[in-house]
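**Student:** build me a model:
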Amino acid sequence: VQGTSRRTDSVKEAPLRPQKWWKVSLLVANRAARCVLVSAVPLVGCFLALPKMQLLSRSAPLCLKTAWRPGEEWWRPCGRGPDPNATSGETAAFLLAAWVSVQFLWNFVASCFCAPGSPQPPWPEAGRYPVTWEGPQLYYLPRWCDSCQQWKPPRAHHSKRLGQCVLRMDHYCVITENIIGQRNHGYFVLMVIFGNVGLLYALIFVAKTVHLAWQPYWALYGKFATYARQRGSYYQWLLMGGHLHVLKALLGYEVPLLLVLTVFSLILLGPLLRHVGLALRGTTVLEDMGHGDAIDLPGTKVLPLRPGDFRQPFWVTLQTLLGSRWAWRLLQPGQRRS
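**Tutor:** Residues are numbered from 1 along each chain as shown. Below is the predicted model of the structure:
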């Protein structure tokens, strides 16, 4: 009875599986706010920065204005101005950006709200789960969960944040505020892949735009720097984002805003590529940290499994992560199907 009481208390205290309605509302609101926040980058990129950068590309080469009025931008076309017919490839660039953005947002939302998956009965006798291979019949070393009062399947681990065991548990994701496990691991992998692809796509466009405005940028920078030196605040101006101020004055707020959002997002999403690499090799983060299973050999011997022992052919790994229609999910948003 005491064990059951302790288990009930631990489940109630699990932050990712609250029992009270107001705690559930806070958790849903927290995840929804994260979804709204991350949508800022693709929205700014597709509907603000990309049209502006395409206009600048059509107007190249760019020059610095000799006369400037407040409210105007400092650049002007050095030639005849924007060519209305030079729009080849712009539609394709927008569609590609929109496709990557939709894929990223769909998989981010799914990573937030999809449950990672928990073990379901019936339980094998004495926790003896058979090893799938072509040799003699072997079993995984039984592992008992004191919190859930049940046997752990292979690759399952108990999550204190969720208050239950999670199938093929990978890690706790602070960005999505969820546990990544068997059911939502594919969403997480696609989220990281499409997120980094989209950020790299944005950086390429920003770098191209800065290259087009290279000469007028440094000409305007010289004017701003001279004024800052006259006031004796050059280094303060430089540390407070002088280069971004020049870029904003020259091209408008759209390009520097996208640059700041992209760099900040890369700091968050870039390190997660390591998790994707582990997943594509059939290894979870916990297994890579040494929290793996073991095989119960005849007698009293035990064979600990090392990271990579669950590795399968690449297409089989994709099917394990994304479901039977894994190729279709790479092309459009979709749910995981076994």
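**Student:** which is the next helix or strand following whichever strand or helix holds A98?
**Tutor:** For A98, the host element (DSSP states H and E) is helix 90-113. Using DSSP H and E, the helix or strand that follows helix 90-113 in sequence is strand 139-140.
**Student:** so who does the most centrally placed residue in the chain touch?
**Tutor:** The C-alpha lying nearest the average C-alpha coordinate of the chain belongs to V192 (C-alpha atoms, centre = their mean; 3.6 Å). The contact partners of V192, taken as C-beta atoms under 8 Å, 6 or more residues apart in numbering, are L269, L272, L273, H275, V276. Placement of C-beta: from N, CA and C, glycine included.
**Student:** change it to 10 Å
**Tutor:** For V192, the contact set (C-beta atoms under 10 Å, 6 or more residues apart in numbering) comprises 104, 107-108, 111, 173, 175, 269-276, 279.
**Student:** how far does the helix holding A98 sit from the chain's center?
**Tutor:** 12 Å (C-alpha atoms, centre = their mean, to the nearest Å).
**Student:** same check on stretch 271-290?
**Tutor:** Taking C-alpha atoms, centre = their mean, the mean C-alpha location of stretch 271-290 is offset from the chain mean by 14 Å.
**Student:** mind listing what's buried along that stretch?
**Tutor:** Neighbour counts over stretch 271-290 (16 or more other C-beta atoms under 10 Å) mark L272, H275, V276, L278, A279, G282, T283, T284, V285, L286, E287, D288 as buried.
**Student:** for those, please prepare TSV with the additional fields distance to G135 and pLDDT.
**Tutor:** Shown next, in TSV, are these (distance: C-beta to C-beta, whole Å; pLDDT from 0 to 100):
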residue	distance to G135	pLDDT
L272	36	96
H275	31	97
V276	32	97
L278	26	97
A279	27	97
G282	19	95
T283	22	97
T284	24	97
V285	29	97
L286	26	97
E287	22	97
D288	26	96
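**Student:** just the pLDDT at the residue lying closest to E73 once chain neighbours are set aside, thanks.
**Tutor:** What sits nearest to E73 in space, not counting adjacent residues and going by C-beta to C-beta, 6 or more residues apart in numbering, is G252, at 5.7 Å. What the model reports as pLDDT for G252 is 90.
**Student:** coming back round to it: so the residue nearest to the centre of the chain versus R274, what's the distance?
**Tutor:** Distance of V192 to R274, computed by C-beta to C-beta, to the nearest Å: 10 Å.
**Student:** with L27 instead?
**Tutor:** Taken as C-beta to C-beta, the span from L27 to R274 is 27 Å.
**Student:** also L330?
**Tutor:** Taking C-beta to C-beta as the measure, L330 falls 21 Å from R274.
**Student:** ok, now A93?
**Tutor:** 30 Å.
**Student:** now the angle from the helix or strand hosting H211 to helix 90-113?
**Tutor:** Following DSSP H and E, one finds H211 within helix 185-212. Orientation note: helix 185-212 sits at an angle of 140 degrees relative to helix 90-113 (axes from the mean of the first three to the mean of the last three C-alpha atoms, to 10 degrees).
**Student:** and helix 185-212, what's its mean pLDDT?
**Tutor:** 97.
**Student:** go on, stretch 38-56?
**Tutor:** The model assigns stretch 38-56 a mean pLDDT of 95.
**Student:** so how far is it from its chain's centroid?
**Tutor:** 19 Å.
**Student:** could you measure from the nearest residue to E13 once chain neighbours are set aside over to P18?
**Tutor:** In this structure, E13 finds its nearest non-sequential neighbour in G163, 7.3 Å apart by C-beta to C-beta, 6+ apart. G163 sits 9 Å away from P18, going by C-beta to C-beta.
**Student:** and what of L200?
**Tutor:** L200 is 38 Å from P18, by C-beta to C-beta.
**Student:** same question, D296
**Tutor:** For D296, the distance to P18 (C-beta to C-beta) stands at 37 Å.
**Student:** cool, and W151?
**Tutor:** 26 Å.
**Student:** then K248?
**Tutor:** Distance from K248 to P18, by C-beta to C-beta: 44 Å.
**Student:** same check on I179?
**Tutor:** For I179 relative to P18 (C-beta to C-beta), the value is 14 Å.
**Student:** ok, those two, which is more surrounded?
**Tutor:** Higher neighbour count among I179 and P18: I179, with 23 against 17, using other C-beta atoms under 10 Å.
**Student:** residues near the nearest residue to L297 once chain neighbours are set aside, how many?
**Tutor:** Leaving aside its chain neighbours, L297 sits nearest to L303 (5.6 Å; criterion: C-beta to C-beta, 6+ apart). By other C-beta under 10 Å, 14 other residues sit near L303.
**Student:** that's a strand at L303, yeah?
**Tutor:** Yes - under DSSP: H, G, I helix; E, B strand; the rest coil, L303 falls within a strand.
**Student:** my read: it touches I295, true?
**Tutor:** Yes - applying C-beta atoms under 10 Å, one finds L303 in contact with I295, separated by 4.3 Å.
**Student:** shared neighbours, these two?
**Tutor:** Common neighbours of L303 and I295 (C-beta under 10 Å, 6+ apart) are V131, L138, L141, D309.
**Student:** now list the buried members of those.
**Tutor:** Buried subset of the shared contacts of L303 and I295 (neighbour count, 16+ other C-beta under 10 Å): V131, L141.
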